[in-house]
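>>> coords please:
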Amino acid sequence: MKLIEIKERDSLLIERLLHVWESSVKATHLFLSEEEINKIKQYVPQALNGVPVLVVAENENGEPAGFMGIAEQMLEMLFISNENRKKGIGKQLLQYGIKKYSVNKLAVNEQNPLAKGFYEHMGFNVYKRTELDEQGNPYPLLYMKRD
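Reported below is the predicted structural model:
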């Protein structure tokens, strides 16, 4: 697995990362309906283009297997395609973010217990909970930080 920091973000890359995002969300965000996923999906390209640091994990074929976005020591996004889950890619990305960008905070959906468990395993602890997500939807968020 090769990690690549992306500076130039063209529409083809965004489309490929959107595929990773959708595959990941459908496998892990079981609390979201198909309609809700499609609604959120509209905002993903904007988020991918706007995040200051974008790191993509590419497989042997040069295809994106996962990605993360970082802004000011905060992990803004981390998604691994469903077919690449449980291979250590998330761990590799997060460790890179911690080492190179001092990532020490993140927010995770409370209804995604696998992600919460992964972040706890990586040394993050919950310090705050909100009833609504950042868009005001009824999906509680857990804010976690690394000591």
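>>> what separates stretch 7-21 from the chain centre, distance-wise?
Distance of stretch 7-21 from the chain centroid (C-alpha atoms, centre = their mean, to the nearest Å) equals 14 Å.
>>> in the one helix or strand in the chain whose mean pLDDT sits lowest, what's buried?
Here the helix or strand of the chain ranked lowest by mean pLDDT, DSSP states H and E is helix 34-41, holding a mean of 92. Buried residues in helix 34-41, counted by 16 or more other C-beta atoms under 10 Å: residue 40. C-beta here means a position set from N, CA and C on the backbone, and glycine is covered the same way.
>>> may I have it as PDB, with CA atoms only?
Output of helix 34-41 as PDB, limited to C-alpha atoms (Å, rounded to 0.1, in the frame of the first residue of the first chain):
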ATOM      1  CA  GLU A  34     -30.000   5.000   0.700                       C
ATOM      2  CA  GLU A  35     -31.700   8.400   0.300                       C
ATOM      3  CA  GLU A  36     -29.600   9.900   3.100                       C
ATOM      4  CA  ILE A  37     -26.400   8.500   1.600                       C
ATOM      5  CA  ASN A  38     -27.200  10.000  -1.800                       C
ATOM      6  CA  LYS A  39     -28.000  13.400  -0.100                       C
ATOM      7  CA  ILE A  40     -24.700  13.400   1.800                       C
ATOM      8  CA  LYS A  41     -22.800  12.200  -1.300                       C
END
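>>> how far does it sit from the chain's center?
Offset of helix 34-41 from its chain centre (C-alpha atoms, centre = their mean): 16 Å.
>>> which strands or helices does it pack on?
Secondary-structure packing of helix 34-41 (3 or more C-beta pairs under 8 Å, 6 or more residues apart in numbering; DSSP states H and E): helix 11-28.
>>> helices or strands up against the helix it packs on?
helix 34-41, helix 44-50, strand 64-71, strand 74-80.
>>> of all those, which one comes closest to residue 137?
Residue 137 sits nearest to helix 34-41 of all the helices and strands packed on helix 11-28, at 8.0 Å, using C-beta to C-beta.
>>> what about the residue nearest to residue 63 when sequence neighbours are not counted, how many neighbours?
Closest residue to residue 63 apart from its sequence neighbours, by C-beta to C-beta, 6 or more residues apart in numbering: residue 16 at 7.3 Å. If you count neighbours by other C-beta atoms under 10 Å, residue 16 ends up with 16.
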